[in-house]
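**Student:** Fold the following.
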Amino acid sequence: MPDFGDHVRIKTSDETERLGLAGREGIVFGWTTPSLTRVEVVGQLTEDFAFNVNFEDLNRDVWFAAELVELLDHAPGQVLRLDGVDAEWVRLPSGEWEQRTRGTD
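**Tutor:** Reported below is the predicted structural model:
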């Protein structure tokens, strides 16, 4: 199952085709329980769970039923930084995050 920061592709369905999202690739920005958050979800929910996928080229993100999200890879080399923290986290090919001391810019 995809996780935060993973590189994914949206599967083809009537709805994803109609929205122009079928086959599009993006990055998982999060997940939620739609019954609690009331987000609008693309696809039929078979469980109370949805992924938020960001499409950089569209400058937007969309919530999807889990069945429509296909893991491509863990986006190795991705770097996560937080303001005011002198550490950064680098994504490894395994999907784990490695903490490193942040250099001065």
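**Student:** For this protein, give me the ranges with low pLDDT.
**Tutor:** 103-105 (pLDDT under 70).
**Student:** Please name the residues that touch G30.
**Tutor:** F4, F51, N52 (C-beta atoms under 8 Å, 6 or more residues apart in numbering). Every residue, glycine included, has its C-beta placed from N, CA and C.
**Student:** Which strand or helix spans the second one?
**Tutor:** So that's F51. strand 50-55 (DSSP states H and E).
**Student:** Just the buried residues of that strand, please?
**Tutor:** Within strand 50-55, the residues scored as buried using 16 or more other C-beta atoms under 10 Å are A50, F51, N52, V53.
**Student:** Tell me the strands beside that strand, with direction?
**Tutor:** Strand 50-55 has these partner strands in its sheet, going by DSSP bridges: strand 25-32 (antiparallel), strand 60-65 (antiparallel).
**Student:** of these, which approaches P76 most closely?
**Tutor:** strand 25-32 (12.6 Å; C-beta to C-beta).
**Student:** Quick check: what element follows the closest one along the chain?
**Tutor:** helix 34-37.
**Student:** And the next helix or strand past that next one?
**Tutor:** strand 41-42.
**Student:** what's in contact with that following strand?
**Tutor:** By C-beta under 8 Å, 6+ apart, strand 41-42 touches E15, T16, L19, L21, P34, A50, V62, W63, F64, A65, L68.
**Student:** Pull the contacting residues for the fourth one.
**Tutor:** Pointing back at L21 there. I10, V42, F55, V62.
**Student:** so the last one touches F51, yeah?
**Tutor:** No - assessed by C-beta atoms under 8 Å, V62 is found out of contact with F51, at 9.1 Å.
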